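Participant: dropping the sequence and predicted coords here.
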Amino acid sequence: MLESVIHREGNTDAPKYVAPEVSYLLDRIVNVCFIGAPGETNRSWILVDCGLPGSASKIRNAASRLFGEGSRPAAIVLTHGHFDHIGAVHTLAHEWDVPVYAHELELPYLTGQSSYPPPDPLVGGGAMSVMSAVFPRRPIDLGRHAHELPSDGSVPGAPGWRWIPTPGHSPGHISLVRDSDRTVVAGDAFTTTKQESLVAALTQRAEIHGPPMYFTPDWDKARASVKHLADYAPSAAITGHGPPLRGERLQEGLRNLSTHFDVRARPAHGRYRDHPAITDGSGVVELPPPQVSATTVVLAGVALGAAIAIARGIGRDDDRRHTEELERLKLVTRDDMPAGATEGNGAGSDDVSLVAQQLSSVTSQVDAR
Ligand SMILES: [Zn+2]
Ligand SMILES: [Zn+2]
């Protein structure tokens, strides 16, 4: 059983192996992937997802280790455009002069047209859920670098791979699959750690879970996507959050998640539980009403402090963009701060003190680089 969890030593700058020609790098709480044979020449590999803000140099260094000093990819492919998957995309797309591919329904959030649906900090019960109240969700604008994935399912720069739609966690979420050995890069369609918990997110405890609850606005689609992936029976999978898994543990875990999705993954309450955010090719069209509690108001204040601490910590290497990111954090908070106040539930105070504790560790890790 234990050997089915591919060993990882946590946060290091060295990329690690998932399957032949697939490596990943852990950027604090999120994975980025490299597809291509090690030692391959320029423009013969691809990067999948771009980590948190401030990860450009770490990703660049990992790429140099894998593909040679100064090697550039053929393309960047995004599983989706949430802030923790696009942190270095501007910097790297510009520097490498590469196209960035995403599903057409994800492009509104990557081309300045629409913000993502607001998160639901009340679901999931962990500190990450609470903090999601202030996660950035405004669109970025990749301009000429943004491209729609080919409609024939092929993945530019990655022969032998195809993309499949796995929406729900975001409107145009995709996964990448390689049919020759059924390796999957699943983004946040499911996760292999309990992402709602900051402690699990930081320690990368391996468990199969649904998509991060706080940022998933369409649960019926998310369930169909997990079923699709479970039916595919991957031999190995790397997700956006958590260690890679393989073999029977992965397949059994996915089947179990799919069968019991409404109990194990769909939140028991919350804004999007029964009513999805409606989106189309222009972005968000209609949202269910927010559910607000007194606890949320208090915890959102704590989360703001936490988010600013994170933004300070991660804003070391791409300075101007990170100042903007910080501004955006504040703006999003003003926009999204709950106004009403009734009794309700949320994460416990233990979680909040853990946030403070763990945040200083995240920040000092970043400072040490
Ligand atoms: Zn996400
Ligand atoms: Zn994510």
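Facilitator: Right, received. Where do you want to start? Ligands and ions are numbered 1, 2, ... in the order given.

Participant: my guess is Asn61 meets Asp13, correct?
Facilitator: Yes - using CB atoms under 8 Å, Asn61 is in contact with Asp13, at 5.8 Å. Bear in mind the C-beta positions are built from the backbone N, C-alpha and C, glycine included.

Participant: partner residues bridging Pro165?
Facilitator: Ile174 (DSSP bridges).

Participant: quick one: contacts for it?
Facilitator: For Pro165, the contacting residues are 103, 172-174, 225, by CB atoms under 8 Å, 6 or more residues apart in numbering.

Participant: name the nearest residue to the residue in the stretch 201-350 of the chain positioned nearest to ligand 2, ignoring sequence neighbours.
Facilitator: Residue nearest to ligand 2 within the stretch 201-350 of the chain (CB to the ion): Gly240, separated by 4.1 Å. What sits nearest to Gly240 in space, not counting adjacent residues and going by CB to CB, 6 or more residues apart in numbering, is Asp188, at 4.4 Å.

Participant: quick one: contacts for whatever residue of the stretch 1-150 of the chain ends up closest to ligand 1?
Facilitator: Here the stretch 1-150 of the chain gets closest to ligand 1 at one residue, His82, 3.5 Å apart by CB to the ion. Residues counted as contacts of His82 (CB under 8 Å, 6+ apart) are 116, 137, 170, 188, 215.

Participant: burial of the residue nearest to Gly240, as a residue count?
Facilitator: The number of residues packed near Asp188 is 28, by other CB atoms under 10 Å.

Participant: isn't it right up against Leu229?
Facilitator: No - contact status for Asp188 versus Leu229: not in contact, 11.8 Å apart, counting by CB under 8 Å.

Participant: bridged to Thr111, which residues?
Facilitator: Under DSSP bridges, the beta-bridge partners of Thr111 are Asp141.

Participant: doesn't His147 make contact with it?
Facilitator: No - between Thr111 and His147 there is no contact under CB under 8 Å: 10.3 Å.

Participant: just to revisit the earlier point, closest to Arg28 out of the contacts of Pro165?
Facilitator: His173 (21.2 Å; CB to CB).

Participant: distance check, that closest one against Val185.
Facilitator: 12 Å (CB to CB, to the nearest Å).

Participant: overlap of the contact sets of those two?
Facilitator: What both His173 and Val185 touch, as defined by CB under 8 Å, 6+ apart, is the set Thr79.

Participant: picking that back up, what distance do you get for the residue of the stretch 1-150 of the chain closest to ligand 1 to Pro139?
Facilitator: 11 Å.

Participant: repeat that for Leu47.
Facilitator: 21 Å.

Participant: more neighbours: which of those two?
Facilitator: Taking other CB under 10 Å, Leu47 and Pro139 do not tie; Leu47 has more neighbours (31 against 18).

Participant: where does the more buried one land in three-state SS?
Facilitator: strand (DSSP: H, G, I helix; E, B strand; the rest coil).

Participant: list the contacts for it?
Facilitator: 32-34, 59, 63, 73, 75-77, 92.

Participant: mind listing which of these are in strands?
Facilitator: Judged by DSSP state E, the subset of the contacts of Leu47 located in strands is 32-34, 75-77.

Participant: follow-up on the earlier one: next one: the residue of the stretch 201-350 of the chain closest to ligand 2 from Leu52, what distance?
Facilitator: 11 Å.

Participant: find residues that contact each of those two.
Facilitator: 30, 84.

Participant: looking at these two, which has the bigger crowd around it?
Facilitator: More crowded of Gly240 and Leu52, by other CB under 10 Å: Gly240, with 31 against 23.

Participant: how about the strands in this protein?
Facilitator: 16-19, 22-27, 30-35, 46-48, 75-77, 100-102, 146-148, 161-165, 174-178, 183-187, 236-239, 245-246, 278-280, 283-286.

Participant: next up, the contacts around the residue nearest to Pro38 when sequence neighbours are not counted.
Facilitator: In this structure, Pro38 finds its nearest non-sequential neighbour in Leu66, 5.2 Å apart by CB to CB, 6+ apart. Listed by CB under 8 Å, 6+ apart, the contact set of Leu66 reads 15, 23, 34, 36, 38-39, 45.

Participant: how about the residues of the stretch 151-300 of the chain near ligand 2?
Facilitator: Contacts of the stretch 151-300 of the chain with ligand 2, taken as CB under 5 Å from the ion, map to 188, 240.

Participant: where does the prediction get shaky in the stretch 151-300 of the chain?
Facilitator: 292-300 (pLDDT under 70).

Participant: OK, now which residue of it is nearest to ligand 1?
Facilitator: Counting by CB to the ion, the stretch 151-300 of the chain gets nearest ligand 1 through Asp188, at 3.8 Å.

Participant: mind listing what that residue touches?
Facilitator: Listed by CB under 8 Å, 6+ apart, the contact set of Asp188 reads 79-80, 82, 85, 169-170, 173, 195, 211-212, 215, 239-241.
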